[in-house]
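Enquirer: Turn this into a structure:
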Amino acid sequence: MTAIETFARFVASDFAVPAATTTNVQRQLTDIVGAWVAGAATQEGKALLAVRPRDGVDVGTPSALARLSEIDNIHLPSATTPGGVIIPAALTLAADCGADGAALSRAIIAGTEAMVRLGLAIDGPQVIYRGIWPTYFGAPFGVAAVAAQLLGLNATQTANALALALTLAAPGVGHHNLATTSRWFAIAQAARTGLIAARAAQAGFTSDLNVLDGPFMQGIFGVTPDVAVFTNRLGEAFALDDLSFKPWCAARQTMAATQGLKEIMAAGVSPAQIMSIEVSVPPPYLKMTGHGVVPGDRASYLTSLPYHLAIAAHEPDAEFDIGSSPVSSPEPVMALMQKVSVTGDDALLAHYPATWPARIVVRTADGDHDRLVLNVPGDPARPMSNGELAAKFHRFVGAAAGIGAAQTLYSNCNSVLNSRAGSGELVAQIETLM
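Expert: Got it, this is the predicted structure:
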């Protein structure tokens, strides 16, 4: 039996879901709906909505809106961001199918498992810096697993859906830091591809079930998947329980150092005392984070470590700006950015990719203040409370849609898994906010 067939049998089975995992599904679902609505309010979100398909079920645009928000969840060891793709797709398809909350929950678990396990199998934290983006590559695979669950595919059909989705996957979209990047259009199309693959398998189409075990991945992408990692402990532990929430809007690679600066300032160091800041990060993401910003280029703001350190010190509310592309920044922000240096440190690889660490040294006239940060708020080792997640939801959704809409949406999110037809009502409400 191939790795795809083994995984398909799990997806199509009546796998048991622990109560704690169901609780985590609810927490993740509510958080991602907040990201979905917030993402729609950005310029990139509005551009996506303008070109969304008008016929049929569109699982792609909702997924892209949540993902582009940069407040969606992330699985660090696989370098995948499954929630932004899987949860909007599952909600949209569940609404179309009339699926109940239990079916929706199982679909979210299956889709998350698919994306994360594929990301682990291809060593996502390494290949991402080659240009093979695990989320883009895994999105069709994950949505195919969602659709297999909600469409009631059997194990054979599920295997063919997964294999077809993988053969149709694209690993990247070229340079991301462009003023009108196509990356979000690409992730929307990737999600749609997963649904297309599932419907094709349901109609009787077959695919190469040896796509992970055989030479396909090495020959096309230069990657040899670890099939043992892909199939290990299926049904015994769930990837969804290991996802990290994002506490503010930024690339996750910038957050450990930013959290370190917050802790140093909380201990009594004021921004005015800072003479310089030295940050060390794992070498794989040095180039991604150790740069400045370009006005109008949102990606440069999201990924710039000097920028996020500077706004944490001088403009903390800017951390919650989904748009993240100001025409200009205040002078204190720009001045502090010039005091930041970012270097790579091989010693930090001992912690990576289980965590995405950083060491920060803040130099003042009174001495150096040093922090090694392995986890940030929202990581499984440093969880956010339900109250903190609620505050995050209301902050972002309230800014995008108003406080009243945020309160109603939050309530409906938290009841959808206990409803027989709640997905349709929830998706309809979300659509009114677009």
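
Enquirer: And stretch 123-141, how far out from the chain middle?
Expert: When distances are taken as CA atoms, centre = their mean, to the nearest Å, stretch 123-141 is centred 12 Å away from the chain's centroid.

Enquirer: buried residues in it?
Expert: 123-125, 127-128, 132-141 (16 or more other CB atoms under 10 Å). (C-beta placed from N, C-alpha, C; glycine too.)

Enquirer: cool, and stretch 367-375?
Expert: 369, 371, 373-375.

Enquirer: For that stretch, output the C-alpha coordinates as PDB.
Expert: In PDB, the C-alpha atoms belonging to stretch 367-375 read as follows (Å, rounded to 0.1, in the frame of the first residue of the first chain):
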ATOM      1  CA  GLY A 367      24.500  47.900  29.900                       C
ATOM      2  CA  ASP A 368      23.300  45.100  27.600                       C
ATOM      3  CA  HIS A 369      19.900  43.500  27.900                       C
ATOM      4  CA  ASP A 370      19.900  40.000  26.400                       C
ATOM      5  CA  ARG A 371      17.000  37.700  25.600                       C
ATOM      6  CA  LEU A 372      16.800  34.300  23.800                       C
ATOM      7  CA  VAL A 373      13.100  33.800  22.800                       C
ATOM      8  CA  LEU A 374      12.000  30.400  21.600                       C
ATOM      9  CA  ASN A 375       8.200  30.800  21.900                       C
END
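
Enquirer: Let me know the pLDDT of the most centrally placed residue in the chain.
Expert: By CA atoms, centre = their mean, the chain has its centre lying nearest to Thr81, at 2.6 Å. With respect to pLDDT, Thr81 scores 98.

Enquirer: hmm, back to that, restricted to helices, list the buried residues of stretch 123-141.
Expert: If you go by DSSP state H, those have 124-125, 127, 134-141 in helices.

Enquirer: and which of those is nearest to Ser280?
Expert: Proximity of those to Ser280, judged by CB to CB, is greatest for Pro125, which lies at 17.3 Å.

Enquirer: Enumerate every residue touching the nearest residue to that closest one once chain neighbours are set aside.
Expert: Using CB to CB, 6 or more residues apart in numbering and skipping residues adjacent in sequence, the residue nearest Pro125 is Pro353, 3.7 Å away. Contact partners of Pro353, counting by CB atoms under 8 Å, 6 or more residues apart in numbering, are 76-77, 79, 124-125.

Enquirer: if you set the cut-off to 7 Å instead, what comes out?
Expert: Applying CB atoms under 7 Å, 6 or more residues apart in numbering to Pro353 gives the contacts 76-77, 79, 125.

Enquirer: ok so it is a helix residue?
Expert: No: counting by DSSP: H, G, I helix; E, B strand; the rest coil, Pro353 is not found in a helix; it is coil.

Enquirer: What distance do you get for the nearest residue to Val416 once chain neighbours are set aside to Phe205?
Expert: Of all residues not flanking Val416 in the chain, Gly422 sits nearest, at 4.0 Å (CB to CB, 6+ apart). Distance, Gly422 to Phe205, by CB to CB, to the nearest Å: 32 Å.

Enquirer: ok, Asp321 to Ala170 distance?
Expert: Applying CB to CB, the value for Asp321 to Ala170 is 30 Å.

Enquirer: Would you format the contacts of Pro353 as TSV with secondary structure and distance to Ala190 included?
Expert: Output for these, formatted as TSV (DSSP: H, G, I helix; E, B strand; the rest coil; distance: CB to CB, whole Å):
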residue	secondary structure	distance to Ala190
Leu76	helix	21
Pro77	helix	21
Ala79	coil	16
Pro125	helix	20
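
Enquirer: quick revisit: so for Gly422 and Phe205, which residue has more residues nearby?
Expert: Gly422 (21 against 13; other CB atoms under 10 Å).

Enquirer: Isn't the more buried one up against Gly101?
Expert: Yes: using CB atoms under 7 Å, Gly422 is in contact with Gly101, at 6.1 Å.

Enquirer: quick revisit: shouldn't the residue nearest to the centre of the chain be in contact with Thr135?
Expert: Yes: in this structure Thr81 lies within contact range of Thr135 using CB under 7 Å: 4.9 Å.

Enquirer: ok, and for stretch 281-292, which residues are buried?
Expert: 281-282, 284-286, 288-291.

Enquirer: ok, now stretch 412-431?
Expert: Neighbour-count burial for stretch 412-431 [16+ other CB under 10 Å]: 412-414, 416-417, 419, 422-424, 426-427, 429-430.

Enquirer: quick one: terminal-to-terminal distance for it?
Expert: 14 Å (CA to CA, to the nearest Å).

Enquirer: How about stretch 376-388?
Expert: Note: stretch 376-388 ends 13 Å apart using CA to CA.

Enquirer: Now do that stretch: distance to the chain's middle.
Expert: Using CA atoms, centre = their mean, the offset of stretch 376-388 from its chain centre is 16 Å.

Enquirer: Would you mind pulling the contact partners of it?
Expert: By CB under 7 Å, 6+ apart, the residues outside stretch 376-388 that reach it are 242, 244-247, 255-256, 259, 375.

Enquirer: again, only this time at 10 Å
Expert: Residues outside stretch 376-388 that contact it (CB atoms under 10 Å, 6 or more residues apart in numbering): 23-24, 26-27, 30-31, 73-76, 241-248, 252, 254-260, 262, 354-358, 373-375, 389-392, 414.

Enquirer: What about Ala350, how many residues nearby?
Expert: Residues near Ala350, counting by other CB under 10 Å: 9.

Enquirer: again with Asp317
Expert: So Asp317, with other CB under 10 Å, has 8 neighbours.

Enquirer: Among the buried residues of stretch 123-141, list the two that are farthest apart in space.
Expert: Based on CB to CB, the longest span within the buried residues of stretch 123-141 runs between Pro125 and Pro140 and measures 20.6 Å.

Enquirer: need the contact list for Ala190.
Expert: 60, 63-64, 67, 85, 133, 135-143, 165, 168-170, 173 are the contacts of Ala190 under CB under 10 Å, 6+ apart.
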